[in-house]
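# just a sequence and a predicted model for now, questions to come.
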Amino acid sequence: MAVIWNDKAPIYRQLKEQVVAMILDERLQAGDALPSVRQIAADFQLNPITVSRAYQELVDEKIVETKRGLGMFVLDGAKEKLLESERLRFLREEWPATLLRIQRLGLDLSELVLTQKETNGQETI
């Protein structure tokens with residue numbers, strides 16, 4: 001997990017988002033163990049309490065579970081649950097600002113789709 005911390009959000013939230021991204025990208029799958037709190041704290045020079053707080057939010061949201069003595073593990077259905085919540089969050093929090101910017105720049109949907117396809121090296125319609 002390569003992480004660059006920023007000042008826009010608390011580190012525990014950024015760490016949580018990194019784990020969420022790993023699950024959505026299928027780098028962590030149902031049944032996989034999360035790196036230990038101690039390991040993450042040592043690797044990124046974080047306070048273990050910060051790491052624990054990020055992990056606890058994932059437990060509270062039923063994305064991971066704690067197996068006493070074994071660690072934290074991704075729950076079955078975690079990816080689907082995250083997809084649903086992340087889509088809703090995007091539509092509520094990010095999309096309105098994105099749409100406003102698109103409108104201000106005078107872009108239209110077909111132009112955006114064509115540009116995206118060209119950027120990804122796909123053939124345009």
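Okay, I see it.
# output the worst-scoring helix or strand of the chain on mean pLDDT as PDB, restricted to C-alpha atoms.
Ranking every helix and strand in the chain by mean pLDDT, DSSP states H and E puts helix 109-119 at the bottom, with a mean of 81. Extracted C-alpha coordinates of helix 109-119, given in PDB (Å, rounded to 0.1, in the frame of the first residue of the first chain):
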ATOM      1  CA  LEU A 109     -21.700  14.300 -22.500                       C
ATOM      2  CA  SER A 110     -20.700  13.100 -26.000                       C
ATOM      3  CA  GLU A 111     -17.500  15.200 -25.900                       C
ATOM      4  CA  LEU A 112     -16.600  13.800 -22.400                       C
ATOM      5  CA  VAL A 113     -17.200  10.200 -23.500                       C
ATOM      6  CA  LEU A 114     -15.100  10.600 -26.700                       C
ATOM      7  CA  THR A 115     -12.300  12.300 -24.800                       C
ATOM      8  CA  GLN A 116     -12.300   9.500 -22.200                       C
ATOM      9  CA  LYS A 117     -12.200   6.800 -24.900                       C
ATOM     10  CA  GLU A 118      -9.300   8.600 -26.600                       C
ATOM     11  CA  THR A 119      -7.500   8.900 -23.300                       C
END
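# point out where the protein drops to low pLDDT.
Residues of the chain meeting the criterion pLDDT under 70: 1-2, 121-125.
# redo that, cut-off 80
1-3, 109, 116, 119-125 (pLDDT under 80).
# helices of that one, start to end?
11-24, 37-44, 48-60, 78-89, 95-104, 109-119 (DSSP state H).
# which residue packs closest to Thr66, ignoring adjacent ones?
Spatial nearest neighbour of Thr66, chain neighbours left out: Met72 (5.6 Å); criterion: Cβ to Cβ, 6 or more residues apart in numbering. Every C-beta, even on glycine, is put in place using the N, C-alpha and C of the backbone.
# that neighbour and Glu65 touch, don't they?
Yes - with contact defined as Cβ atoms under 8 Å, Met72 counts as touching Glu65 (7.0 Å).
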